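Here is my input; please provide its structure:
(chains A, B, C, D, E, F, G and H)
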There are 8 protein chains.
Amino acid sequence: MDARALRALLNEIAKGERDVESGLAALRALPFEDIGFATIDHHRSLRWGFPEVIFCAGKTEEQVAGIAERLAAHSPRLLGTRAGEAHYAAAQARVPDLQYHRLARCLYLDREPDRPRQDGVVVVAAGTSDAPVLEEAALTLELMGHRPIRIQDVGVAGLHRLAPHVGTLQTANVVIVVAGMEGALASVVGGLTSAPVIAVPTSVGYGASFGGLAALLAMLNSCATGVAVVNIDNGYGAGHMAAAINSRINGVSEA
Amino acid sequence: MDARALRALLNEIAKGERDVESGLAALRALPFEDIGFATIDHHRSLRWGFPEVIFCAGKTEEQVAGIAERLAAHSPRLLGTRAGEAHYAAAQARVPDLQYHRLARCLYLDREPDRPRQDGVVVVAAGTSDAPVLEEAALTLELMGHRPIRIQDVGVAGLHRLAPHVGTLQTANVVIVVAGMEGALASVVGGLTSAPVIAVPTSVGYGASFGGLAALLAMLNSCATGVAVVNIDNGYGAGHMAAAINSRINGVSEA
Amino acid sequence: MDARALRALLNEIAKGERDVESGLAALRALPFEDIGFATIDHHRSLRWGFPEVIFCAGKTEEQVAGIAERLAAHSPRLLGTRAGEAHYAAAQARVPDLQYHRLARCLYLDREPDRPRQDGVVVVAAGTSDAPVLEEAALTLELMGHRPIRIQDVGVAGLHRLAPHVGTLQTANVVIVVAGMEGALASVVGGLTSAPVIAVPTSVGYGASFGGLAALLAMLNSCATGVAVVNIDNGYGAGHMAAAINSRINGVSEA
Amino acid sequence: MDARALRALLNEIAKGERDVESGLAALRALPFEDIGFATIDHHRSLRWGFPEVIFCAGKTEEQVAGIAERLAAHSPRLLGTRAGEAHYAAAQARVPDLQYHRLARCLYLDREPDRPRQDGVVVVAAGTSDAPVLEEAALTLELMGHRPIRIQDVGVAGLHRLAPHVGTLQTANVVIVVAGMEGALASVVGGLTSAPVIAVPTSVGYGASFGGLAALLAMLNSCATGVAVVNIDNGYGAGHMAAAINSRINGVSEA
Amino acid sequence: MDARALRALLNEIAKGERDVESGLAALRALPFEDIGFATIDHHRSLRWGFPEVIFCAGKTEEQVAGIAERLAAHSPRLLGTRAGEAHYAAAQARVPDLQYHRLARCLYLDREPDRPRQDGVVVVAAGTSDAPVLEEAALTLELMGHRPIRIQDVGVAGLHRLAPHVGTLQTANVVIVVAGMEGALASVVGGLTSAPVIAVPTSVGYGASFGGLAALLAMLNSCATGVAVVNIDNGYGAGHMAAAINSRINGVSEA
Amino acid sequence: MDARALRALLNEIAKGERDVESGLAALRALPFEDIGFATIDHHRSLRWGFPEVIFCAGKTEEQVAGIAERLAAHSPRLLGTRAGEAHYAAAQARVPDLQYHRLARCLYLDREPDRPRQDGVVVVAAGTSDAPVLEEAALTLELMGHRPIRIQDVGVAGLHRLAPHVGTLQTANVVIVVAGMEGALASVVGGLTSAPVIAVPTSVGYGASFGGLAALLAMLNSCATGVAVVNIDNGYGAGHMAAAINSRINGVSEA
Amino acid sequence: MDARALRALLNEIAKGERDVESGLAALRALPFEDIGFATIDHHRSLRWGFPEVIFCAGKTEEQVAGIAERLAAHSPRLLGTRAGEAHYAAAQARVPDLQYHRLARCLYLDREPDRPRQDGVVVVAAGTSDAPVLEEAALTLELMGHRPIRIQDVGVAGLHRLAPHVGTLQTANVVIVVAGMEGALASVVGGLTSAPVIAVPTSVGYGASFGGLAALLAMLNSCATGVAVVNIDNGYGAGHMAAAINSRINGVSEA
Amino acid sequence: MDARALRALLNEIAKGERDVESGLAALRALPFEDIGFATIDHHRSLRWGFPEVIFCAGKTEEQVAGIAERLAAHSPRLLGTRAGEAHYAAAQARVPDLQYHRLARCLYLDREPDRPRQDGVVVVAAGTSDAPVLEEAALTLELMGHRPIRIQDVGVAGLHRLAPHVGTLQTANVVIVVAGMEGALASVVGGLTSAPVIAVPTSVGYGASFGGLAALLAMLNSCATGVAVVNIDNGYGAGHMAAAINSRINGVSEA
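Sure, this is the predicted structure:
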């Protein structure tokens, strides 16, 4: 809306040809205008159901506790990733109903555990060592209103273990694949389902896995179609991405 | 179920001790569901609407022409990526209605140009140099039955150019972001929309872009949620992923 | 400005308590308001003196010629970097007074060659092979209204060649250091002057220079203070950065 | 040997108080001190206002304490970066008015806290995890006689948080941008201001951030002009660079 | 073979139109041989002689103990690599005859120490620091029924130390070479024997060995023929590979 | 000095025809030839059946032709890898019965095409683009006296294409897996067979495959046991390794 | 078998006390010891003056003590690098006159401290943080019979500090340059002297020094001639190399 | 200004022929030439025997010809590395007696071919593909007045080929080892001789040699002592380093 259009609008109001509320609505519809970016934020927090996620690594117990307390005052749900026991202890002292998921290393709050949840997301992990990342993804999904199916310990060196789950994979709306080492599971699963696949490389492995680089590169180079990749060990990111896709497929507004 | 058990089962059927439907159910319950993997392939080719994509780089003109001819005999649509003019010339001699998209460097066939297409995908590119990758993604989407919106030349160093498109981004089902150099557009777009974002790093840039590595790492490390990444310059992969998501959101079976 | 304030403003206009132009001005003053980002752009093009730089690599002759023609219609100055002879020939056919700097591989236009220029920038290059990058930086500076001093062939393996220039380096407002191989010149110059130093690694070298990586890392790790680094071979970027600093030191608005 | 001493020497020769060979020997014994390089050092320490910065990492408490004591004897200001609590304790035992900035992990001395300071530098950080680097840069600036404005928690995934600060950014003399993860803030800020931007990548992030490499590459490849980069987590280096620029813009000799 | 065809087949059997053996043959001819993948697993565990190897790194003592207990109930042999003393203590409390190899950092069980073992494998290590990896390989071989010859401390900088072993190397069925630093031993040994060589790079070294990368690349680039490489420090993998080769040469079914 | 010459020398001493000191001097003058290393070489050329392989890349046509001519004079077989058409033309002018394998880019000579060959090696390639490397491996095996089975186009994204070959893989003596992109086929095949697997990463792929690095790392990190890796695109090396293993399993001396 | 034993053997044959075939067998049984490689080792230990250097990192206290005790029984000198205090304590219990150099982290023995030593080697370090590597090099030289000159804290950002030492550098036989960060000192020193320069990159630095990689690459790419490089932090290797050169220049046999 | 000129100046002052201020000005005008750095340069060109080496890669024919002409006017010797045939043709037109070494890709001039040359340097190359780098090193040595011994095609996979040369290696003053692929020859040679070894990695190899990186890392990590490394393919650098060492051992002033 350029200056001319804006002047015309104000003229209409000045002349009484347009009432204030209608003018306000018109202004609100401007691309970024007055309240543009700011409202995005409100939309986001409404949509996602929890206003912000705390990345606890590198934060002091005190900092995490303070943020958790503030968030818990305004939201029935919160999530803190990469949280140590000490982080949880400090935060739980301020938010008594805060919970801790030891394996996923997440602290979280869910004051509406019985609200309805969406089906459609499957989270698959190659090995038991990948479980923490699988759980971080699954917990993220649960807090965002989904009910993920977990499939574990189905590495590609033993395809028969994957076989019983082929049906589940084929009827999913979206699949998260968590794998370290050579990361081949993403390609195998991508070949078995037409659902979009979110691949999460993990830092599991040693020597020339170079902290997850081997799995990351493998997943980016997947010969299967319909595979996209998030950062190494980033279960939260994969969960969030899958939630965004699943909610839209289910026609449910987020949270 | 080993051969002995299988023989026993068939013997029961032969002797009338077990009826056919019950035998069928028992066979179906076998670990790999007897016909599981094999049927997948048929499902896939039906779903995607073109049986295979030709990656032309490194193939001779003759090879590409041969594959294109064979595919065109069974499918109304086909796509060949990384195709040079010579590839196209050779293939078009065999498939006269084959077309060539010079910018995207794709040869393609679409014998049903008027079939209905789905809305919902937006493809954004940071710079004009990213256009070939944007077009490869968009062409993939079009062949798979979608009608993508293209937004170009909206690099993050001039946010005002992105501003008019915020509404479009916010109402999309899925957004593809194509960017080279520092790849920051994925994060900015990811912060402006709650739609899932497929990020495509491009090899555009020089010096320390290291062939797209800089953009790739940036996109993997995006501070925005709901962003996943495909391989460098892989417009086809992003298009396919977006098509899979959009079709499911629209409740349309693929192709 | 939140919704309440906006409504109050419109009410004042509706009631005739505020006239339209005053309302328009108030709206314009909003942080990013209606035309926020867009005006930034105008500010920028006014300031820098040429609206956009054409990165010619990867563009066709036709594209470069078209952009050059459009820019030349509105600006007395333009710059195209990484331009081949063919780019120049095509563009010069449309903009007859366009010039070409063979060594810097730049096409450029400067219709006000006699306007006053600022002193204060020194551009130093380690070897003769670094000259193209030095010239790209110097040309950028000249087009932006500066008069850089060039010092060449003063690699650190022969410090006596640098010695006669110490005075020049110490009285500069800002120094650009261009060096490939081990990139040590940035540290040596950084130790000789208190002026801010912009270091440009070049891809000159072979073997384990890895396309300029060795010089890049060396410059980032400089033990001298007051050194910052731009991308490999990015003479334009260094020139622009130096121009921004020098203009402000000289109290001259850009261009 | 300054000009006065040199003149005295020549006078002695002219007056026959010293013979030629003795004068020659005296001149030869000046290794490099008479002119040029030697005086640089004095100039530097005068200019910068503190003679040397102690990089404490890898030094023993005893070493840091010894250096701090010696510096504090000749200078009203000193700075030690990467200092642990033990470093501080040991040094403070010798320099009682030494202070410690826990977040920035710096020990410092400022015996003239009320001297006038220059405005013009803005330090922006993307996330709260980047605060230590922001504070190291800001503290460096303060000790060098500047009064930086701090802007925090304005990551690119929420541009509305940056919006209120656009005016501040546009009127700055020089801007420092501190960001980890994908480092995109440098490009966004670079597009919003014509001031020179010093970008500091941080090691904040995980997985494929590879210790700050992702942000470093992104910043080097910024599509915005007027951006130069210092080493990962090098807040001190950015602060020093910004101080050099700002002092010259303000026409204030350093320190 | 889809459900319809399968039902038809069973109907034929039920009606006596096809006999059981012919039906069995038809079923066996199904793409995946109906029970193919599933039986693989049983074959594998029978063959290798211990059903699974526990990679202890990153597992809790409790987890390792639980898995060891379960495996020991069904197998006379088990192996746990990268096991700390605490892992062993916890597991040994449940499996009293479990043993620990301190140097190889392996816990293991071998209830048939006197069974016959195959000759033919030689394990060579360059330096004493490579001994843990050598022992991991050798222990793996012993548990799989082989009797490896160990040769140690024969780095290429002292070829005379290798000389007495040339005969042993030339008569081996398969040779494992364990080396860190520059990994040259693989090439030297590969040139001295026509036996297949499995090379294991180790992370021994410092500085530019980059955690074993130098040795890994050297081994992959060996100018000797008949050399293949496993992951850095992966003694277990090399042992397993060598066992598979040696058993086949000896005509002994595994385990 | 072979055994005969050595015996003659000792006989001369025994007969008094040569004194001890002269004998000592003669023995000392034997650099290394008498025993040990020198005979290794003869053993090798006898065993492998062709004395040397010509790596043609980087050699002139003249050089390749000269070496081929010399080798063909003493051996019924020879192999030249990475040979262009020009290499072949020059060499064939000197060795008229030399042949050229266009796809594998190898020139070769086999004057005993009908000699008996060993079974037992299977060579599997993921995609048609991997065919040149597969053929280089297969040709190496054929020249060394083996009759490899080729399996092509069985990428992991379509496991059903691999299924019909499971039996072949399980009864092989040794399997070579050739794959680019994410290299996952090595893990999948490794899980399906207990035969030793030689994995060859190829440079097939684009973007973040980084010239085969992605496949190389994936194969080194394979979760399947019994997998070892050779250099990128090194079909010859894999063929040679497989030949060494297969010959020993079959109890056939090489060549 | 040394010359004496060989002569005895031939004498037996000459005297008829041993027949020719038995003599032949005895000669054949000498694996490699008779001539050549075996004597190398003796030559080496005589030359270098201490038979072996203990790389203590990764060895237990017990192992280091045992090796030290054994070496001290046969040699008046020994050196152990990367030795912790615990290593020293354990070893000194067995070798009472063993000494420890805390800064260099070396344990050593020198029972002939007053023997004559060679001049000619200069060891230069850029910063105080590089001192441990400088001392490791210097101690190695001292144990090998040299008397190195140490020059410290002469980083390239303050060339005046290097100036007084130019004469020393120019008259040296060989110069070792130790530097971390950007490693530029090697180039500057290489330009000031015609003596051969051994450059040692150190891991001193942070962020994008990547553990010494920046300095390593810089030194390898030095624009100065007469510079060669050893591994990161490898003071011992540089000392040894310099000793070999200096001894030969001085015409002194080693040790 | 050398000592003579300085003495003359002081004499003028002493005699009253020049006043003090004029003398002071004359001394001040000596930027750095009077002492120290300036004379270094003259020393260098005298010592090395040719004033500068032309690195031709990236220079135009015209530039190379111009520099060659200028150098040939003042020196009986010159060297241009990385010179193509066109470079030579252009330069030879101006310097008729200029020569070209096709294999080494060097143009050179040697007008005193019969001057005496020093013995003592041995240049060893692993394979025939390394010959260009070997020749560049050898030619450099010859131009600098040495007579290197060349040993070729002695890769570590065939140690017997190296055996006849052990004596030559052991009596050398300095050895250059040129090797690509896994670069193991440097370690093997380093173990056979006590002479200092200059290792030159070459870019020969493919796949995971990564342009010489594998050989470079291997050489830096050599387990042999007395080995230092120059840049990939840098035969000139190795030759220069060896010449500096050899001249000093022989007590011959350079050139």
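
okay, CA-based contacts and neighbour counts for the rest of this
Will do.

for the residue of chain A found nearest chain H, phi and psi?
The minimum distance from chain A to chain H, using CA to the nearest CA, falls at residue A:208 (13.3 Å). Here is the backbone geometry of residue A:208 (degrees, to the nearest 10): phi -80, psi 20.

For it, grab the count of nearby residues.
Neighbours of residue A:208 under the rule other CA atoms under 10 Å in any protein chain shown: 28.

and residue A:154, how many neighbours does it have?
20.

What segments of chain A are helices?
A:3-14, A:20-28, A:36-48, A:61-74, A:85-94, A:131-143, A:159-162, A:166-170, A:185-192, A:213-220, A:235-250 (DSSP state H).

show me the contacts for the closest residue to residue A:191 other than its chain neighbours.
Distance criterion CA to CA, 6 or more residues apart in numbering or on different chains; nearest residue to residue A:191, sequence neighbours excluded, is residue F:157 at 3.9 Å. Going by CA atoms under 8 Å, 6 or more residues apart in numbering or on different chains, residue F:157 touches A:187-192, A:223-224.

any idea which of those residues is closest to chain F?
Distance to chain F, by CA to the nearest CA, is smallest for residue A:191 among the contacts of residue F:157, at 3.9 Å.

and the gap between the closest one and residue A:222?
10 Å (CA to CA, to the nearest Å).

Neighbour count: those two, which is higher?
Neighbour count, other CA under 10 Å: between residue A:191 and residue A:222, residue A:222 has more, with 35 against 26.

right, and that one touches residue A:185 too?
No - checked against CA atoms under 8 Å, the pair residue A:222 and residue A:185 is beyond contact range at 9.8 Å.

quick one on the thing from earlier: dump the helices of chain A into JSON lines; add distance to residue H:107 as well.
JSON lines is the format used below for the helices of chain A (distance: least, CA to CA, whole Å):
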{"stretch": "helix A:3-14", "distance to residue H:107": "69"}
{"stretch": "helix A:20-28", "distance to residue H:107": "73"}
{"stretch": "helix A:36-48", "distance to residue H:107": "65"}
{"stretch": "helix A:61-74", "distance to residue H:107": "68"}
{"stretch": "helix A:85-94", "distance to residue H:107": "69"}
{"stretch": "helix A:131-143", "distance to residue H:107": "61"}
{"stretch": "helix A:159-162", "distance to residue H:107": "62"}
{"stretch": "helix A:166-170", "distance to residue H:107": "66"}
{"stretch": "helix A:185-192", "distance to residue H:107": "54"}
{"stretch": "helix A:213-220", "distance to residue H:107": "44"}
{"stretch": "helix A:235-250", "distance to residue H:107": "59"}
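
Lowest average pLDDT across the ones you listed?
Here the lowest mean pLDDT among these goes to helix A:36-48, at a mean of 37.

Show me how the record splits chain A into domains.
Under automatic domain parsing, the residue ranges defining each domain of chain A are A:3-110, A:121-250.

State the pair within the contacts of residue F:157 that is farthest apart.
A:192 and A:223 (12.4 Å; CA to CA).

How much space separates residue A:57 from residue D:154?
Counting by CA to CA, the gap from residue A:57 to residue D:154 is 19 Å.

which bits of the stretch 151-255 of chain A sit near chain E?
Within the stretch 151-255 of chain A, the positions lying close to chain E (CA under 8 Å from any CA of the partner chain) are A:158-161, A:206-208.

what about residue A:177, how many residues close to it?
The criterion is other CA under 10 Å. On that basis, residue A:177 has 30 neighbouring residues.

again but with residue A:96, I slipped
11.

Give me the pLDDT value at it.
Confidence score, pLDDT, at residue A:96: 97.

separation between it and residue A:109?
Separation of residue A:96 from residue A:109 (CA to CA): 10 Å.

who touches the residue of the stretch 151-255 of chain A found nearest chain D in this structure?
At 4.5 Å from chain D, residue A:232 is the closest residue in the stretch 151-255 of chain A, using CA to the nearest CA. Neighbouring residues of residue A:232 by CA under 8 Å, 6+ apart: A:200-203, A:212-213, A:216, D:206-208.

same thing but at 6 Å, please
Residues counted as contacts of residue A:232 (CA atoms under 6 Å, 6 or more residues apart in numbering or on different chains) are A:201-202, D:207-208.

for residue A:215, same thing?
Taking CA under 6 Å, 6+ apart, one finds A:180-183, A:201 in contact with residue A:215.

min pLDDT across the residues you listed, which one?
Least confident entry in the contacts of residue A:215, by pLDDT: residue A:182, with 88.

is it true that it touches residue F:218?
Yes - counting by CA atoms under 6 Å, residue A:182 does reach residue F:218; the two are 4.2 Å apart.

Could you check which of the two has the larger neighbour count?
Neighbours per residue, other CA under 10 Å: of residue A:182 and residue F:218, the larger number sits with residue A:182, 38 against 33.

Quick check: the more buried one vs residue D:235, distance?
Noted for residue A:182: a distance of 37 Å to residue D:235, by CA to CA.

now do residue A:210
On the measure of CA to CA, residue A:210 and residue D:235 end up 28 Å apart.

So those two - more neighbours on which side?
Between residue A:210 and residue D:235, counted using other CA under 10 Å, the more crowded position is residue D:235 (30 against 17).

Those residues of the stretch 101-250 of chain A touching chain H, which are they?
By the rule CA under 6 Å from any CA of the partner chain, no part of the stretch 101-250 of chain A lies against chain H.

one step back: most packed of the domains of chain A?
Comparing those by mean neighbour count (mean count of other CA atoms under 10 Å in any protein chain shown), domain A:121-250 comes out on top with a mean of 26.

ends of it, how far apart?
This stretch, domain A:121-250, spans 11 Å end to end (CA to CA).

what about stretch A:177-186, distance to the chain center?
From the chain centre to the centre of stretch A:177-186 is a distance of 19 Å (CA atoms, centre = their mean, to the nearest Å).

send the alpha carbons of that stretch over as PDB?
Output in PDB follows, covering the C-alpha atoms of stretch A:177-186 (Å, rounded to 0.1, in the frame of the first residue of the first chain):
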ATOM      1  CA  VAL A 177      13.700 -41.500  10.600                       C
ATOM      2  CA  VAL A 178      16.400 -41.300  13.300                       C
ATOM      3  CA  ALA A 179      19.700 -42.900  12.500                       C
ATOM      4  CA  GLY A 180      23.400 -42.600  13.100                       C
ATOM      5  CA  MET A 181      26.300 -44.500  11.700                       C
ATOM      6  CA  GLU A 182      25.700 -44.700   7.900                       C
ATOM      7  CA  GLY A 183      22.200 -43.300   8.100                       C
ATOM      8  CA  ALA A 184      20.900 -45.700   5.500                       C
ATOM      9  CA  LEU A 185      17.600 -46.200   7.200                       C
ATOM     10  CA  ALA A 186      16.300 -43.000   5.700                       C
END
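
Say whether chain D is contacted by that stretch.
No - using CA under 6 Å from any CA, we find that stretch A:177-186 stays clear of chain D, coming within 12.1 Å at best.
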